[in-house]
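>>> Need the 3D shape of this:
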Amino acid sequence: MFTSSRFRQFAGLVFAGALFTGSAQLHAQADTPPSEAPADWGPISSTLEEVPYPHPVQYLEVQHFGQDGRMAYMDVAPTGTPNGQTAMLFHGMNFAGKGFEVTITALSEAGFRVLVPDRIGYGRSSKLDIPYNLHIFALDSKRLLDHVGVEKAAIVGHSMGGMVASRFAMTYPNATTHVALVNQIGLTDQRQGRPWRDFEELYQATLTNTTYESILRNHMSYYPTWDNKYLEWVHYQYGQTLISEWPLLARIRTWQQQILFLDPVVYDWQHIQAKALVIGGAQDNLTPNYADLARHVSETIPNAELILYPGIGHNPHFEIPDQYHADLIRFLRSEPLPPPAD
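Numbers count the residues shown, from 1 in each chain. The predicted structure is shown next:
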């Protein structure tokens, strides 16, 4: 095992006094978000059709639990000198492939082919009312690699996408050259000391308690310093509560939230054979004690290094894109480990 921990300081990140309370944390604000949803925020379709994506979207036919669906994805060719490597990016719970726009540009300019799926139930992909799990997402991702003729890829997963990346790397070691876990959630087994709650109870809570205020509060918890440019993602999520399909989307969201309880990845890490990077903002208020837990993950994966950014929150690709992408590209360009024995 090798584990290196590098802590970076950034000039100019001066946090003002706390002006907004989200969860149990206080958040400094560079901007003040609107107290109510802006009047021009209308409905957003279930498949984000009116939301512009940075690259053309293609579709892969999939089937789960007897239901047919389409998984949307972007397949972006390198704009810099091709290096022969493919990076596949897994988005988080409250985002979609569009959220990787800056990352796609950085990787493409560095010579990578970049695959960015919207997982089933998210973004432009079909919204299937099924009991979601990480195996479904990993399998669809492997099907995508097979579909586009890629044998091996570097896997980058952010937030819940980090859980998918962990499961993919464990399940498909021969298809994984590198795995980067970016502010991954699910860092503990949440079944411990937490009683089971009936799905319908949780669904009704999601259906009735999801408001502009609750969505904004959740997104503000991602950042030590709030910037109103992040309202874009609040808008998309809130807009979907205004459409007739919201009850279906609320059910799907409840299924996805249950993944944390029903399908933990804490037992996957020790079996990951690829070279790994655990990377993220150390001040991630979404996950209590994130820095300590991230260090534990890096020590559990056999071949991992750790990079934590002081004063940065849950979305380093938004907050410090230049530094984050430089570190990510350096890792993805590193020589992979020898392939695991069959």
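
>>> Who are the packing partners of the strand or helix carrying Arg251?
Assigned by DSSP states H and E, Arg251 belongs to helix 246-262. Here helix 246-262 touches helix 160-171, helix 199-209, going by 3 or more CB pairs under 8 Å, 6 or more residues apart in numbering; DSSP states H and E. Using the backbone N, CA and C atoms, a C-beta is placed for each residue, glycine as well.

>>> Buried deepest among these, which one?
Counting by mean count of other CB atoms under 10 Å, helix 160-171 has the highest mean neighbour count of the helices and strands packed on helix 246-262, with a mean of 27.

>>> what helices or strands is the longest strand anywhere in the chain leaning on?
Secondary structure of the chain per DSSP state E: the longest strand is strand 67-76. Applying 3+ CB pairs under 8 Å, 6+ apart, we find strand 67-76 packed against strand 58-64, helix 101-109, strand 113-117, helix 134-148.

>>> thinking again about what came up before, list the buried residues for the helix holding Arg251?
246, 249-260 (16 or more other CB atoms under 10 Å).

>>> cool, stretch 70-84 as well?
Arg70, Met71, Ala72, Tyr73, Met74, Asp75, Val76, Pro78.

>>> Give the closest residue to the most centrally placed residue in the chain in space, chain neighbours not counted.
The centroid of the chain falls nearest to Gly92 when counting by CA atoms, centre = their mean (2.4 Å). Nearest non-adjacent residue to Gly92, counting by CB to CB, 6 or more residues apart in numbering: Ser159, 2.9 Å away.

>>> tally of neighbours for Tyr212?
Here the number of neighbours of Tyr212 (other CB atoms under 10 Å) works out to 19.

>>> Check the burial of the residue nearest to it when sequence neighbours are not counted by counting its neighbours.
Residue nearest to Tyr212 in three dimensions, not counting chain neighbours: Ala37, with 4.1 Å by CB to CB, 6+ apart. Ala37 is flanked by 20 other residues according to other CB under 10 Å.

>>> a helix runs through Ala37, doesn't it?
No. Applying DSSP: H, G, I helix; E, B strand; the rest coil, one finds Ala37 to be coil, outside a helix.

>>> Might one say that it is in contact with Tyr238?
Yes. If you go by CB atoms under 8 Å, Ala37 and Tyr238 touch, sitting 5.8 Å apart.

>>> Overlap in contacts, those two.
Tyr212 (CB atoms under 8 Å, 6 or more residues apart in numbering).

>>> got JSON lines for the helices and strands packed on helix 246-262, with mean pLDDT too?
Shown next, in JSON lines, are those (pLDDT from 0 to 100):
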{"stretch": "helix 160-171", "mean pLDDT": "98"}
{"stretch": "helix 199-209", "mean pLDDT": "96"}
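
>>> Now render the ones you listed as a markdown table, adding distance to Tyr324.
Formatted as a markdown table, the helices and strands packed on helix 246-262 follow (distance: least, CB to CB, whole Å):
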| stretch | distance to Tyr324 |
| --- | --- |
| helix 160-171 | 14 |
| helix 199-209 | 31 |
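
>>> Nearest to Pro82, out of those?
Among these, helix 160-171 comes nearest to Pro82, with 23.5 Å by CB to CB.

>>> Show me what the closest one is packed against.
By 3+ CB pairs under 8 Å, 6+ apart, helix 160-171 packs against strand 86-90, helix 134-148, strand 153-158, strand 176-182, helix 246-262.
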